[in-house]
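Colleague: Structure, please.
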Amino acid sequence: MEPSERWLLRVEDDVLVVEFPHGTGLSPADGEALLDRWRGATDPNTVNAVVIVVRTSRPCSDAGRRALRESAQIAVARGVDRFAVVGQRSKRRYLKRTIDVEGVDTEAFNDDDAALRWAKCPSAAASSVETSS
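Modeller: Numbers count the residues shown, from 1 in each chain. Okay, the predicted model is just below:
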């Protein structure tokens, strides 16, 4: 499997959506490949928010943590001010803490649609947002 096949990136209405399917793991080389694609996808003129969907139950590797932190920093430097994370409860909490960057609004969600609605319009209430820590 090529690194680019381990995740899906798309831009939908000014929101970068990054999906990690079941069984996804990131080696250091995969992390670098993801960061390269992320840099290309987070154009300041086209992306205002990011939705990260993690469907895998695998633990996050050191390379994955580093890629996540760096991708958040890249996005913030390019004007992204909100991140939505979708995944199992423990994954959502972990991702939310890892992405916690000053000046960025980060919310955890139970489902993709609610996360995307919030990312597109953060003032809209989303019933599936996880509000407890």
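Colleague: any idea how far Ala33 is from Ala114?
Modeller: 29 Å (C-beta to C-beta, to the nearest Å). To be clear about C-beta, it is placed using only N, CA and C from the backbone, and glycine gets the same treatment.
Colleague: Now the strand or helix carrying Trp38: average pLDDT?
Modeller: Assigned by DSSP states H and E, Trp38 falls within helix 28-41. Averaging pLDDT along helix 28-41 gives 79.
Colleague: what about the strands in the chain?
Modeller: 8-12, 15-20, 49-54, 82-86, 105-109, 129-130 (DSSP state E).
Colleague: so what's the residue lying closest to Arg6 once chain neighbours are set aside scoring on pLDDT?
Modeller: Distance criterion C-beta to C-beta, 6 or more residues apart in numbering; nearest residue to Arg6, sequence neighbours excluded, is Thr24 at 5.2 Å. On the pLDDT scale, Thr24 is placed at 72.
Colleague: Val86 now?
Modeller: For Val86, pLDDT reads 91.
Colleague: surely it meets Asp113?
Modeller: No - the pair Val86 / Asp113 is not scored as a contact, 9.4 Å apart, by C-beta atoms under 8 Å.
Colleague: if we can go back for a sec, let's have the strands of the chain in TSV, adding distance to Gly40.
Modeller: As requested, the strands of the chain are arranged in TSV below (distance: least, C-beta to C-beta, whole Å):
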stretch	distance to Gly40
strand 8-12	9
strand 15-20	11
strand 49-54	14
strand 82-86	18
strand 105-109	23
strand 129-130	30
